[in-house]
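> Starting from these lines, generate the structure:
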Amino acid sequence: MLSSVLPVSVRFAVAIALMGASVCLNSASIFANETSQWLQLIDESKSGLDAEKLPALDSTEAQVVTSMQDAEAFFQRVTDQTNYDAWMRFLDFEPLRTAIENNESVAKRGNAALELSQRLSGPEEGLELSRLIALRSSLDQYLAALRYGDPKRGLALSERQLDTLTKLLTADEASESTPRSLTDLSGEEVAQIESIVESLASANQANELVSRITGRYSSPNLRAFVDGRVISDAIVRPVDNPERVNDCLLGTRIIGDARVVGNVTGSLLPSEGNIRLLVRLDGQFSTSTTGYNGPVTLRSSGFGQVYAARQLIITEKRIFAGEPIATASLSTRINQINHPLKLVRKIASKKAAEMKPKAEAISRQKLHDRVLESFRQQTDEASSRTFPDLDAKMSPWLRRLDLPTPVRSLASTTDAVHVRATMRRPFGLSAPGDAPSLTTVRTATSPGTYPGGYSAAIQVHESILNNTVMKLLAGETFTPEKLRDLTSSFGIPSDKSDASAATAVADDEQPESFEVDFSGFRPVYFEARDQTLRIGLRGDRFAQGDRELDRRLEVSAVYHPAITEDGRMMLVRDEEIDLKFPGGRRLTLSQTAIKANIEEGFDKLFPMTLLHREWNLPTTLKLPALAGRSAKVIGVDARDGWLTIVVR
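The predicted structure follows:
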């Protein structure tokens with residue numbers, strides 16, 4: 001009945017809509033089925049908990065003692081007495097040594113081990129030394145053994161973690177627990193899952209479950225794109241090469257001028273693992289010469305096309321050049337033959353006509369060889385360029401801070417160059433899948449981001465912070481100055497003019513500084529969902545002057561993409577920040593009084609706008625076409641855990 005009433009176009013639209021709904025339902029079913037498999041593995045893991053696999057306290061404690069001795073002996077051997085004493089004061093092994101020798105409580109040994117571990121991880125030069133890295137590793141194993149070493153307590157703790165994981169993966173509907181789709185998990189819930197997975201891994205339990213979850217959240221969490229037009233603009237240049245001709249061709253001395261006029265251009269080629277670039281020369285060749293053969297002179301001109309091309313393969317370390325190719329075409333014309341006698345001119349004209357094909361062939365080959373060699377030399381200069389060793393530059397910092405080495409790959413298409421990178425701790429969770437396609441990321445002037453309409457784009461997944469700064473910041477005390485540096489990583493810090501007149505503070509009325517003790521779980525985070533970016537931090541203590549709030553707090557600011565009148569996009573903050581005190585306990589009168597100070601301090605910490613400034617490329621950039629140019633943000637997108645920023 002429906003098909004007989006509705007027009008064909010309407011029936012077609014209904015069919016498309018039903019098909020789309022079917023795809024969505026099938027996708028949700030796939031994710032729910034995946035969760036069901038995880039829940040089954042959780043049940044199997046509970047029954048498979050094994051006390052024999054728990055980390056052994058005695059052996060890990062002995063390893064920590066040995067590692068401290070090795071580090072001390074190393075500094076005694078390779079440094080002078082003054083430097084050795086300075087390192088020993090900094091490391092301060094004595095509290096942990098004493099706690100171990102006196103067999104003090106698990107809590108005291110754990111606190112001493114944790115404090116030493118935190119001292120060993122930081123930006124200070126020298127903390128990348130292999131002896132200290134080995135000590136940090138043994139401390140991590142020791143802390144896990146202190147937590148799980150007692151079999152009864154360790155297995156009970158692992159079982160509670162599995163129960164918590166079950167609750168995160170199920171939803172109560174009509175008094176029944178049903179598997180949740182992984183796409184419905186919030187950033188907070190994924191971070192909780194990550195914490196459970198890392199705990200299970202440190203206890204050597206539920207190995208298959210841990211492998212399944214970390215494998216699911218293993219996609220790159222950082223992506224960057226450079227539009228192909230930017231690459232082409234950096235390469236394109238005009239060619240105008242005049243030169244003198246002084247040659248001998250078939251017994252005739254040729255003297256005159258030649259010129260090649262054209263352009264060098266570049267275009268990207270599809271490639272995985274590196275960037276492939278085709279550099280081309282397209283030009284026109286012209287000559288104006290005089291030939292001398294005895295008493296006869298011949299004025300002639302020539303015209304032709306030249307072409308040369310070479311593939312360049314660009315890696316992180318250097319450029320490799322393929323074998324160049326070249327083609328040349330040439331057509332010559334004798335404009336005038338000079339000799340006093342007409343007969344001689346006639347004979348010379350006939351002879352020149354007979355020799356013209358051979359002369360042109362020789363000239364064409366010489367032109368081909370000259371173009372090929374010139375193009376080879378010019379592109380050899382580019383291919384001889386090497387790039388700074390990123391691994392060598394990053395390695396000391398990564399080793400000092402115990403940050404993961406980013407796994408990255410280069411690739412190119414005909415439209416863009418892109419880089420994928422994964423920043424992930426051994427048992428951390430990165431992105432669950434690909435970032436949103438750039439074609440779905442709107443800009444200030446377009447519903448999507450397309451080739452030729454942007455210069456560069458970067459996509460950052462919210463898992464980046466969990467896998468990098470979380471361990472570094474957990475438990476640390478930070479001031480607003482340090483926190484401003486941290487929040488600036490999300491965008492460009494605001495100018496003084498960004499603050500409203502209502503919140504402006506005179507120089508002699510600067511607000512009192514404060515400090516925050518970061519929490520151990522998600523001390524700093526950002527969440528990108530439904531075109532909303534939330535930046536937040538968690539603390540266990542807030543202090544300002546002689547006032548102190550010794551309880552958990554969470555503060556966050558919400559930003560939304562906005563389009564400006566001059567065709568830019570930026571992030572604009574909601575007027576009010578969100579300040580919470582988890583736990584349910586009501587604030588006392590004194591705590592309520594300090595809350596206003598907290599709100600005021602954090603209100604100034606989070607700027608009202610982000611990404612509002614133009615970015616200027618250095619004038620010293622080796623690519624003249626890009627040096628000194630400015631770029632503005634034209635697209636901002638926040639969804640599915642990804643923040644995308646597009647510039648032009």
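> ok, and Ala309, which helix or strand is that part of?
strand 296-314 (DSSP states H and E).
> contacting residues for Ile193?
Each residue near Ile193 by Cβ atoms under 8 Å, 6 or more residues apart in numbering is listed here: 165, 168, 185, 213, 429. All C-beta atoms are positioned from the backbone trio N, CA, C, and that covers glycine.
> again, only this time at 7 Å
Ile193 sits next to 165, 168, 213, 429 when contact means Cβ atoms under 7 Å, 6 or more residues apart in numbering.
> Hmm, Pro436 is touching Trp642, no?
Yes: at 5.9 Å, Pro436 and Trp642 qualify as touching, with contact defined as Cβ atoms under 7 Å.
> Contacts made by stretch 195-209 with the rest, please.
Applying Cβ under 7 Å, 6+ apart, the set of residues contacting stretch 195-209 is 41-42, 45, 49, 53-55, 144, 148, 154, 158, 161-162, 164-165, 210, 213-214, 427, 521.
> Which PyMOL command selects the buried ones in those?
Selection of buried members from these for PyMOL, criterion 16 or more other Cβ atoms under 10 Å:
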select buried, resi 41+42+45+49+53+54+55+144+148+154+158+161+162+165+210+213+214+427
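> Sort out for me which of the contacts of stretch 195-209 are in helices.
Per DSSP state H, helices hold the following members of these: 41-42, 45, 144, 148, 154, 158, 161-162, 164-165, 210, 213-214.
> got the end-to-end distance for stretch 420-432?
Stretch 420-432 has its terminal residues 14 Å apart, counting by Cα to Cα, to the nearest Å.
> could you redo the contacts of Ile193 as a markdown table and give each row distance to Ile458?
A markdown table is the format used below for the contacts of Ile193 (distance: Cβ to Cβ, whole Å):
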| residue | distance to Ile458 |
| --- | --- |
| Leu165 | 33 |
| Leu168 | 30 |
| Ile213 | 27 |
| Leu429 | 21 |
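> which among those gets closest to Ile275?
Leu429 (29.5 Å; Cβ to Cβ).
> Near the closest one, how many other residues are there?
Applying other Cβ atoms under 10 Å, we find 23 residues neighbouring Leu429.
> same question, Arg119
15.
> tell me the SS of it?
Three-state call for Arg119 (DSSP: H, G, I helix; E, B strand; the rest coil): helix.
> Ile100: what's it in contact with?
Contacts of Ile100 (Cβ under 7 Å, 6+ apart): 61, 65, 109.
> measure Gly273 to Ser412 for me?
10 Å (Cβ to Cβ, to the nearest Å).
> still on that earlier bit, for Pro436 and Trp642, indicate the residue with more neighbours.
Taking neighbours as other Cβ under 10 Å, Pro436 and Trp642 compare with Trp642 leading, 21 against 15.
> Correct me if wrong, but Trp38 is in a helix.
Yes: under three-state DSSP, Trp38 sits within a helix.
> is it true that it touches Leu169?
Yes: the criterion here is Cβ under 7 Å, and Trp38 meets it with Leu169 at 6.1 Å.
> Common neighbours of the two, please.
Common neighbours of Trp38 and Leu169 (Cβ under 7 Å, 6+ apart) do not exist.
> Just want to know which of these two has more residues nearby.
Just comparing Trp38 and Leu169: by other Cβ under 10 Å the higher neighbour count belongs to Leu169, 21 against 18.
> what sits against the most centrally placed residue in the chain?
Residue closest to the average C-alpha location in the chain (Cα atoms, centre = their mean): Leu222, at 3.9 Å. Contacts here follow Cβ under 7 Å, 6+ apart; on that basis Leu222 touches 421, 423, 460, 464.
> can we see that at 8 Å?
Leu222 neighbours (Cβ under 8 Å, 6+ apart): 406, 420-423, 458-461, 464.
> Give the PyMOL command for selecting the buried subset of the residues you listed.
Buried residues among the contacts of Leu222 (16+ other Cβ under 10 Å), as a PyMOL selection:
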select buried, resi 406+420+421+422+423+459+460+461+464
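> out of the contacts of Leu222, which one sits closest to Thr588?
The nearest one, if we look at the contacts of Leu222 relative to Thr588 and count by Cβ to Cβ, is Ile464, at 37.8 Å.
> Sticking with that closest one, tell me its helix or strand.
Using DSSP H and E, the element containing Ile464 is helix 463-466.
> Mind giving me the packing neighbours of that helix?
Applying 3 or more Cβ pairs under 8 Å, 6 or more residues apart in numbering; DSSP states H and E, we find helix 463-466 packed against helix 187-202, strand 524-529.
> Who does Gly256 form a beta bridge with?
Beta-bridge pairing of Gly256 under DSSP bridges involves Val245, Thr289.
> surely it meets Pro242?
No: the criterion here is Cβ atoms under 8 Å, and Gly256 misses it with Pro242 at 11.2 Å.
> Among those two, which residue is more densely surrounded?
Comparing Gly256 with Pro242 by other Cβ under 10 Å, the one with more neighbours is Gly256, at 17 against 10.
> List the contacts of that one.
Counting by Cβ under 8 Å, 6+ apart, Gly256 makes contact with 244-245, 287-290.
> Let's see that with 7 Å instead.
For Gly256, counting by Cβ under 7 Å, 6+ apart, the contacting residues are 245, 287-290.
> what stretches of the protein score poorly on pLDDT?
The chain contains residues with pLDDT under 70 at 1-32, 173-176, 481-512, 584, 620-627.
> follow-up on the earlier one: more crowded one of Gly273 and Ser412?
Ser412 (23 against 11).
> Correct me if wrong: that one contacts Leu268.
Yes: between Ser412 and Leu268 there is a contact under Cβ under 7 Å: 4.8 Å.
> Am I right that His418 falls within a strand?
Yes: assigned with three-state DSSP, His418 falls within a strand.
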